[in-house]
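In: Kindly generate the corresponding structure for this input.
(2 chains)
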Amino acid sequence: DAGVIQSPRHEVTEMGQEVTLRCKPISGHNSLFWYRQTMMRGLELLIYFNNNVPIDDSGMPEDRFSAKMPNASFSTLKIQPSEPRDSAVYFCASSSRDNNQPQHFGDGTRLSIL
Amino acid sequence: AQSVTQPDIHITVSEGASLELRCNYSYGATPYLFWYVQSPGQGLQLLLKYFSGDTLVQGIKGFEAEFKRSQSSFNLRKPSVHWSDAAEYFCAVAPGYSSASKIIFGSGTRLSIRP
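Out: Sure, this is the predicted structure:
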């Protein structure tokens, strides 16, 4: 079975540039989650979608961050403009909304903003 | 508000020794409880989950966890660790009506294995 697929795996860019992270959830899953992981703050939920609709974006740090889910098989997390403090590993996870179904994580995108 | 506490930031055990990682949660009702493992450079992988029923749950890789309502705990155990168990372990809690909704993760416990 194909798991959650994230791209790119690594991204290094200069501050001020636009960064786009991509996620393909597991087929059939209708909930999608974006997380950020840093040493200082641990694993933080940024936003999650149910059936392509954003449900809770209270974890999005500021307006520079935006996320979209145009269809059930694709989501993006965009940072514009990027700043060095955005450097982190960003994870995407998906799950079924049926009860008792846990989240499945991708391998993450390691983002470095210089 | 629900929360998860993993009191041990880093634990080192000898290969072959037993392991227990602690997890305490705060939630008004019976939550869904999870343990995830994260190896370096990878995402989180589900080890086991508790929703209801038997309070001792078995997971993958020889791990088990016991739900103790009276102590609000969900400790992870393994009778004999292997070097490949070195990783970061996360306890997590979700509202009892849907595990697909907002999960709260603990801060993690890093496990090192002494040869």
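In: CA atoms for contacts and neighbours, from now on please.
Out: OK.
In: For chain A, just list every one of the strands.
Out: Assigned by DSSP state E, chain A shows strands spanning A:5-7, A:10-13, A:19-24, A:31-38, A:42-50, A:53-56, A:65-71, A:74-79, A:88-95, A:104-105, A:109-113.
In: Deepest in the core, which of these is it.
Out: Most buried of the strands of chain A, by mean neighbour count (mean count of other C-alpha atoms under 10 Å in any protein chain shown): strand A:88-95, with a mean of 26.
In: helices and strands around it, which ones?
Out: When contacts are defined as 3 or more C-alpha pairs under 8 Å, 6 or more residues apart in numbering or on different chains; DSSP states H and E, strand A:88-95 sits against strand A:31-38, strand A:104-105, strand A:109-113.
In: May I see these arranged in a markdown table, with distance to A:F91 and mean pLDDT as well?
Out: Shown next, in a markdown table, are the helices and strands packed on strand A:88-95 (distance: least, C-alpha to C-alpha, whole Å; pLDDT from 0 to 100):
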| stretch | distance to A:F91 | mean pLDDT |
| --- | --- | --- |
| strand A:31-38 | 5 | 94 |
| strand A:104-105 | 7 | 92 |
| strand A:109-113 | 7 | 97 |
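In: Please identify which of those is closest to A:S95.
Out: Comparison of the helices and strands packed on strand A:88-95 against A:S95 by C-alpha to C-alpha identifies strand A:31-38 as nearest, at 5.2 Å.
In: can you list the helices and strands packed on strand A:88-95 in TSV and add distance to A:G16?
Out: Shown next, in TSV, are the helices and strands packed on strand A:88-95 (distance: least, C-alpha to C-alpha, whole Å):
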stretch	distance to A:G16
strand A:31-38	19
strand A:104-105	28
strand A:109-113	9
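In: Please identify which of the ones you listed is closest to B:D54.
Out: Nearest to B:D54 among the helices and strands packed on strand A:88-95 is strand A:104-105; the distance by C-alpha to C-alpha comes to 23.8 Å.
In: can you give me the strands in chain B?
Out: Counting by DSSP E, the strands of chain B are B:3-5, B:10-14, B:19-21, B:24-26, B:32-38, B:44-50, B:56-58, B:64-68, B:73-78, B:87-94, B:104-105, B:109-114.
In: Those strands into CSV, with extra columns for mean neighbour count?
Out: Formatted as CSV, the strands of chain B follow (neighbours: other C-alpha atoms under 10 Å in any protein chain shown):
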stretch, mean neighbour count
strand B:3-5, 19
strand B:10-14, 15
strand B:19-21, 19
strand B:24-26, 19
strand B:32-38, 23
strand B:44-50, 21
strand B:56-58, 16
strand B:64-68, 20
strand B:73-78, 21
strand B:87-94, 24
strand B:104-105, 22
strand B:109-114, 18
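In: right, so of the strands of chain A, which gets closest to B:P79?
Out: It is, among those and with distance given as C-alpha to C-alpha, strand A:104-105, at 26.3 Å.
In: Indicate each strand paired with that closest one and its parallel or antiparallel sense.
Out: strand A:88-95 (antiparallel) (DSSP bridges).
In: The closest residue to B:V13 other than its chain neighbours: what's it in contact with?
Out: Leaving aside its chain neighbours, B:V13 sits nearest to B:I113 (5.2 Å; criterion: C-alpha to C-alpha, 6 or more residues apart in numbering or on different chains). By C-alpha atoms under 8 Å, 6 or more residues apart in numbering or on different chains, B:I113 lies in contact with B:T12, B:V13, B:S14, B:E15, B:V81, B:H82, B:W83, B:D85, B:A86.
In: so A:V4 touches A:C92, yeah?
Out: Yes - assessed by C-alpha atoms under 8 Å, A:V4 is found in contact with A:C92 at 7.3 Å.
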